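Engineer: make a model of this:
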Amino acid sequence: MLSINPKDISTAKLHSYLLSSVAPRPIAFASTVNAKGNPNLSPFSFFNVFSANPPIMVFSPARRVRDNTTKHTLENILETKEVVINVVNYDLVQQASLSSTEYAEGTNEFEKAGLGMLKSDIVKPFRVAESPVQFECKVNDVIELGKEGGAGNLIVCEVLKLHISKEVLEEDETINQIKLDLVARSGGSFYTRAKKGFFEIPKPISTLGIGVDNMPEKIRNSHTLSGNDLGMLGNIEALPTQDEINLFIKNISKNHPDIATLSIREKHKLAKNYLSFGDVNSAWKILLS
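Structural biologist: Okay, the predicted model is just below:
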């Protein structure tokens, strides 16, 4: 058996062991605003519920291991003492992953991830329209666990109001867990879907994905592509060139001789098929052809 003293290995390696061992973890999709009212949205898997009376949730934005900086979520909470915690189900997991990209301060991750903003009833941060359960919270305490990279900051949140989609409720107003279809975080690129087990989502690229907001309107407003599809498409640094598109279309025309005459809807359906296999580059070439 491998036995390790945490002080004898790097923080990055210890972090990996912890995340792979303590799993699956629920995801707090945390929406905040700064003092100027600019929105921010980011997922955190150091999260759970700890009390029902009063209703208390705790999540922890850790200091970045690589450079010991803090995240915008923490900075916003220290300024405003408010947060909305949205749950993440399978239908929006790709968009939640895309929102974890480290965009510059002031970037609206709702727009980058292609998610709707719902005005909250009590707190200033917006709710994620697509999330089936949303918790409006005041922050009772922020507990700093350390000063070095990897140190957590416990955000102790009291739920002031919760919103539950009727689509996941039974007639007696209990939540149907199958309909809710929550996902949770594991180690590396692994997630788990409550009713189907493990699946993988490549981590957002270290550079900045173009985001849903920078997609052509006909793609962004597609009736065929899902939110998860858009989340995958948004996690690309640059669109393919016209030469790359032409070469790809020429090569696949052997199997799809009608590719040049497909309607927009038909192209979107074909791109969706490529996305189902994780082939984002090919999907983009079809969509832009």
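Engineer: residue ranges for the helices of the stretch 1-150 of the chain, please.
Structural biologist: 11-21, 72-80, 93-99, 109-113 (DSSP state H, counting those that start in this stretch).
Engineer: for the last one, packing partners?
Structural biologist: What that stands for is helix 109-113. strand 39-44, helix 93-99, helix 227-234 (3 or more CB pairs under 8 Å, 6 or more residues apart in numbering; DSSP states H and E). C-beta: built from backbone N, CA, C; applies to glycine.
Engineer: try it again with 10 Å
Structural biologist: strand 28-33, strand 39-44, helix 93-99, strand 117-118, helix 227-234 (3 or more CB pairs under 10 Å, 6 or more residues apart in numbering; DSSP states H and E).
Engineer: of all the ones you listed, which one comes closest to Lys195?
Structural biologist: Closest of the helices and strands packed on helix 109-113 to Lys195 is helix 93-99, at 13.3 Å (criterion: CB to CB).
Engineer: pLDDT of that closest one, averaged?
Structural biologist: The pLDDT scores in helix 93-99 average 94.
Engineer: what of stretch 133-144?
Structural biologist: So the average pLDDT for stretch 133-144 ends up being 97.
Engineer: ok, stretch 111-130 next?
Structural biologist: 97.
Engineer: what of stretch 53-62?
Structural biologist: pLDDT averaged over stretch 53-62 gives 96.
Engineer: what about it, how long is it end to end?
Structural biologist: One end of stretch 53-62 to the other measures 27 Å (CA to CA, to the nearest Å).
Engineer: what's the answer for stretch 55-63, then?
Structural biologist: Note: stretch 55-63 ends 26 Å apart using CA to CA.
Engineer: one step back: with mean neighbour count as extra columns, can I get the helices and strands packed on helix 109-113 in a markdown table?
Structural biologist: Listed next are these as a markdown table, based on neighbours: other CB atoms under 10 Å:
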| stretch | mean neighbour count |
| --- | --- |
| strand 28-33 | 28 |
| strand 39-44 | 23 |
| helix 93-99 | 27 |
| strand 117-118 | 17 |
| helix 227-234 | 24 |
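Engineer: nearest to His163, out of these?
Structural biologist: Among the helices and strands packed on helix 109-113, strand 117-118 sits nearest to His163 (CB to CB), with 8.2 Å.
Engineer: most packed of the helices of the stretch 1-150 of the chain?
Structural biologist: Greatest average neighbour count among the helices of the stretch 1-150 of the chain goes to helix 93-99 (a mean of 27), per mean count of other CB atoms under 10 Å.
Engineer: can you tell which of the helices of the stretch 1-150 of the chain is closest to Pro240?
Structural biologist: Pro240 lies closest to helix 93-99 among the helices of the stretch 1-150 of the chain, at 18.7 Å (CB to CB).
Engineer: now render the helices of the stretch 1-150 of the chain as TSV, adding distance to Asn40.
Structural biologist: Below are those laid out as TSV (distance: least, CB to CB, whole Å):
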stretch	distance to Asn40
helix 11-21	23
helix 72-80	5
helix 93-99	9
helix 109-113	6
